[in-house]
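Q: Sequence and predicted structure, then a few things I'm wondering about:
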Amino acid sequence: MPALDSPHVFFRRVIFDVTETQCQVAMEDEHHYFVLTLGHDGQRITSVDSTARRTPWTLCPQAAARLQEFVGQPLRQRIAVNLPEIDAKQQCTHQYDLLMVALVQAARPGYREYVSRVVGAMHEYRHAELWLNGEKLLDWRLRGTAIHSNDQFDQQDLRSIMPWAEQTLDDRLLEALYVQRRSVMVAASKGVNLDLIKNAGQAMVARAGACFVFQPERAEQAIRVIGSTRQDVTGPEDLLVDVARN
């Protein structure tokens, strides 16, 4: 793979802070900032509260109502790749992903932090890394969505990896893949000036039906939140500054 020397670096930070009865999860990247609080009884989710602090489209916060579908879901040891009873495409993709991971995290009290970095974020050749509590779990070179690495992920493609991953990976790596796959996909938008897009309907060719906002019945009403993309992120320490522990 070609050596990467790119100024285009994308960061995403995710923090889980879990007690015996509550799981708070916060995620921030250049385009999004969500804080979710889940109540649980040690067996199941009993409540879900969502705060959308920064979103690309005006209707994104309305997707919080759909998160109530997670109430009653059992806590898990291993992340579920999907939940047949919940339509992911009618959810906010990012909050849905966070809740899927939180179903596992909520069963283990403690403080945990994922950091993702994608170098060359908008280009064909990319370098994607993921850390959990400072330990590097994933180190990939990518050509498009094809992985080149020195581990079992080598030659897998992010577009079709999940069936293989569900059968092959241990609990920890499956969760890491779930977190990193979304980060890599979002990183590709680093080269797009979303402020030039009036509403989500104008992006429907590529995104039609992908999530709550991009459903045909509401995309035209999802107006771009001008200036919501952060341009000042130089490292993970610039993200989640008001929820991270010192």
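A: Sure, I can see it.
Q: Look up phi and psi at the nearest residue to residue 232 once chain neighbours are set aside.
A: Of all residues not flanking residue 232 in the chain, residue 238 sits nearest, at 6.7 Å (C-beta to C-beta, 6 or more residues apart in numbering). For glycine as for every other residue, the C-beta is placed from the backbone atoms N, C-alpha and C. The phi/psi pair for residue 238 (degrees, to the nearest 10) reads phi -80, psi -10.
Q: From residue 34, how far off is residue 238?
A: Residue 238 sits 17 Å away from residue 34, taking C-beta to C-beta, to the nearest Å as the criterion.
Q: cool, and residue 152?
A: Taking C-beta to C-beta as the measure, residue 152 falls 31 Å from residue 34.
Q: higher neighbour count, those two?
A: Counted by other C-beta atoms under 10 Å, residue 152 and residue 34 do not tie: residue 34 has more neighbours, with 22 against 13.
Q: Pull up the gap between residue 15 and residue 220, please.
A: The gap separating residue 15 from residue 220 is 35 Å, by C-beta to C-beta.
Q: More neighbours: which of those two?
A: Taking other C-beta under 10 Å, residue 15 and residue 220 do not tie; residue 15 has more neighbours (20 against 13).
Q: so the more buried one, which of the three states?
A: Assigned with DSSP: H, G, I helix; E, B strand; the rest coil, residue 15 falls in the strand class.
Q: Quickly list what it is bridged to.
A: Beta-bridge partners of residue 15, counted by DSSP bridges, are residue 26, residue 113.
Q: again with residue 10
A: residue 118.
Q: so what's residue 185 scoring on pLDDT?
A: For residue 185, the pLDDT comes out at 91.
Q: For my notes, confirm it occurs in a helix.
A: Yes. Residue 185 forms part of a helix when assessed by three-state DSSP.
Q: Now it: closest residue in space, sequence neighbours ignored.
A: Once flanking residues are discounted, residue 185 sits nearest to residue 158: 7.2 Å by C-beta to C-beta, 6+ apart.
Q: repeat for residue 150
A: Leaving aside its chain neighbours, residue 150 sits nearest to residue 139 (7.6 Å; criterion: C-beta to C-beta, 6+ apart).
Q: same deal with residue 53?
A: Spatial nearest neighbour of residue 53, chain neighbours left out: residue 33 (4.1 Å); criterion: C-beta to C-beta, 6+ apart.
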